[in-house]
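A.B. asks: Predicted model, plus sequence, below.
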Amino acid sequence: MTHSINDFNEAKQVIPGGVNSPVRAFGAVGGTPRFIKKGEGAYLVDEDDNVYLDFVQSYGPLILGHANHEVIRCVSEVMQNGFSFGAPTEMETELAKQLVSLLPGIEKVRFVNSGTEATMSAIRLARAYSGKNDIVKFSGCYHGHSDSLLVKAGSGLATFGATSSLGVPEDLAKHTLVAEYNSIESFKAALDLSKDIGCVIIEPIAGNMGLVPANKEFLLEVRELCTKNNIVLILDEVMSGFRASLTGSYEYYGVEGDLCTYGKVIGGGLPLAAFGGGDHIMKLLSPNGGVYQAGTLSGNPLAVSAGLMSLHLIKEDKGLYKRLESLAHRLTKGLKEGASKHGFSLQTEVRGSMLGFFFNEHPVTNFTKACKSDTELYARWHAKMLDKGVYFAPSQFETSFICAPMDEAMMDEVILKSAEALQEIKHDA
C-alpha cells in the first residue's frame, strides 16, 4: 500500500481531508483509502497494482462496469467535435426523449450535472408550483448537500429539522420537517405540524442508509396523502433509477411522483443528472416560467453521449436486470449463510442490481434501526475483505452494486472470502 499511503498524505496537504467526498476518507472503517488508477469491467486496480473485485461501482453509475468499450468509443467519437458548447445539441433532445418514453409520469426533463443539483432544483420548482414553503424529508434519506436538506431529526415522532452541517442557517432548516422512513404515523404527524408544506421528498428505495426499500403500503399512502393535501411528491431516484429496474422504483411500487430526480446511470459514469415531471409543473421553469435554474455544463455532449450509449446497451440486453438480480440474491444468500455459520447476524436486501447488508440482529426498515448495526464489526470485515481483493463501500450505511461483467463464480469467490474473514474475526476475538 506504499503508493496509497503516500498519495493520501500528499493529498491531505492540498485537499481537505485528502478527499473530494467525505466517505472516501475511510473515516468509518479506518485505514488508508486506496488510490485508484484504473477500472476495467468488474475490477479496480490501485496505484500499488492491487486488484479488487468492485461492489462500489462509483456508487452506482457503472451498471455496465468500468471502462465499457462501447461507451468509451461513443464518448471518444463525440469529444472530437468538442467538449461543451453552452448551446443546445440534438443529443440532449434524444436523451430526454429516451427518459420520457421509459419513465412513467415524466413528460419533460431538465438536465443538470449532479444529484444535488437535481433535488435542489426540483424542490424549488415544487415550492413554486404549490405556493407553500415547508418540505418534508425522511430520516436516513440523502438528497444531496443543499442547505434545505442538510437537516436531522429531533427526538419527536416528527420534527422540524435541526441543521446537520455548520454553515446552514437555522432559518432554512426550520422549513424542513423530518419524519421516520416507513412510518405512516410519523408522516401524518409531520403533516399535522404545518399547513405550509409544499413538497415531500423521498427515496422510494433508500440507498444512503444502506439499502432500505420503502414498504409498498407506506409509499402508496404517502402518495395518497400528498394528492389529498395538494403537496408535490418528489421521488428521488438518483440511485435507484435504471438500477433497480428499467423504470426504477415503479417496477416495485407502481407509484408515480409529481417530480422525479435521476442521476448516476443516466450519465454512464460521467457527471449528469436530471429532474422531470408533468408539463403542468415543468412549464414553470425558466425560460418558460419564473423558476430560475441554469448550468453551463448541463447536458454537455460527453456526458449525454455516455448516457445515450449506456441506455442503449441496457435496453438491448433484455435479460440484464433479471441476471443481475439473480447474482445479487446469490451473493446476499451466501453472505448471510456464511455469517450465520460463524455466529454473526446479517440482514440483507436486494432490489434489482442493488444490494445491501447490515451486521444487525433485526431487520432494518428505517434509519434508527440501521444505526443499531455493528459498525465496528463491519469495519473489521471491510479491512479483511480489502486484503482479500474485494472492494465494498467504506461505510456500513452504503448500498452495494452488481455490474454486467460479474458472474456466479465471482459471487461464490466473495462468499468464500467473507466466510474466511468472519472466521478470522471470530478467532481474533
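C.D. replies: Received, thanks. Numbering: from 1, shown residues only.
A.B. asks: and stretch 419-429, which residues are buried?
C.D. replies: Of all the residues in stretch 419-429, those buried under the rule 16 or more other CB atoms under 10 Å are 419, 421-422, 424-425. Glycine gets a C-beta too; all of them are placed from N, C-alpha and C.
A.B. asks: quick one: low-confidence parts of the stretch 51-200 of the chain?
C.D. replies: Scanning the stretch 51-200 of the chain for pLDDT under 70 picks out the ranges 153-161.
A.B. asks: hmm, back to that, could the buried residues of stretch 419-429 be laid out in JSON lines, adding pLDDT, secondary structure and distance to H145?
C.D. replies: Output for those, formatted as JSON lines (pLDDT from 0 to 100; DSSP: H, G, I helix; E, B strand; the rest coil; distance: CB to CB, whole Å):
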{"residue": "A419", "pLDDT": "98", "secondary structure": "helix", "distance to H145": "38"}
{"residue": "A421", "pLDDT": "98", "secondary structure": "helix", "distance to H145": "33"}
{"residue": "L422", "pLDDT": "98", "secondary structure": "helix", "distance to H145": "35"}
{"residue": "E424", "pLDDT": "97", "secondary structure": "helix", "distance to H145": "37"}
{"residue": "I425", "pLDDT": "97", "secondary structure": "helix", "distance to H145": "34"}
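A.B. asks: Please convert these to TSV, extending it with distance to A339.
C.D. replies: Shown next, in TSV, are those (distance: CB to CB, whole Å):
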residue	distance to A339
A419	8
A421	10
L422	6
E424	13
I425	10
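A.B. asks: Most widely separated two among those residues?
C.D. replies: Pairwise distances across the buried residues of stretch 419-429 (CB to CB) peak at 10.8 Å, for the pair A419 and I425.
A.B. asks: circling back: please identify which of the buried residues of stretch 419-429 is nearest to Y391.
C.D. replies: The shortest approach to Y391 among the buried residues of stretch 419-429 belongs to A421, at 13.4 Å (CB to CB).
A.B. asks: could you measure the closest one against D48, distance?
C.D. replies: 21 Å (CB to CB, to the nearest Å).
A.B. asks: who touches stretch 81-99?
C.D. replies: Stretch 81-99 is contacted from outside by 78, 106, 108-109, 111, 262, 266, 274, 276, 296-297, 299-302, 304-305, 307-308, 311, using CB atoms under 8 Å, 6 or more residues apart in numbering.
A.B. asks: and with 10 Å instead?
C.D. replies: With contact meaning CB atoms under 10 Å, 6 or more residues apart in numbering, stretch 81-99 is reached by 78, 106, 108-111, 241-242, 260, 262, 266-267, 272, 274, 276, 296-305, 307-308, 311-312, 315.
A.B. asks: Pull out the CA atoms of it and give them to me as CSV.
C.D. replies: Extracted in CSV, the C-alpha atoms of stretch 81-99 (Å, rounded to 0.1, in the frame of the first residue of the first chain):
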residue,chain,number,x,y,z
ASN,A,81,-16.1,17.7,-32.0
GLY,A,82,-15.7,19.5,-28.7
PHE,A,83,-16.4,19.1,-25.0
SER,A,84,-19.0,21.7,-24.3
PHE,A,85,-20.7,24.5,-26.3
GLY,A,86,-23.0,26.4,-23.9
ALA,A,87,-25.6,25.8,-26.6
PRO,A,88,-28.2,23.1,-27.3
THR,A,89,-27.4,19.9,-29.1
GLU,A,90,-29.6,17.2,-30.8
MET,A,91,-28.2,14.6,-28.4
GLU,A,92,-29.8,16.3,-25.4
THR,A,93,-33.2,16.1,-27.0
GLU,A,94,-32.6,12.4,-27.9
LEU,A,95,-31.7,11.5,-24.3
ALA,A,96,-34.7,13.5,-23.0
LYS,A,97,-36.9,11.5,-25.4
GLN,A,98,-35.5,8.3,-24.0
LEU,A,99,-36.3,9.2,-20.4
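A.B. asks: All set, thanks.
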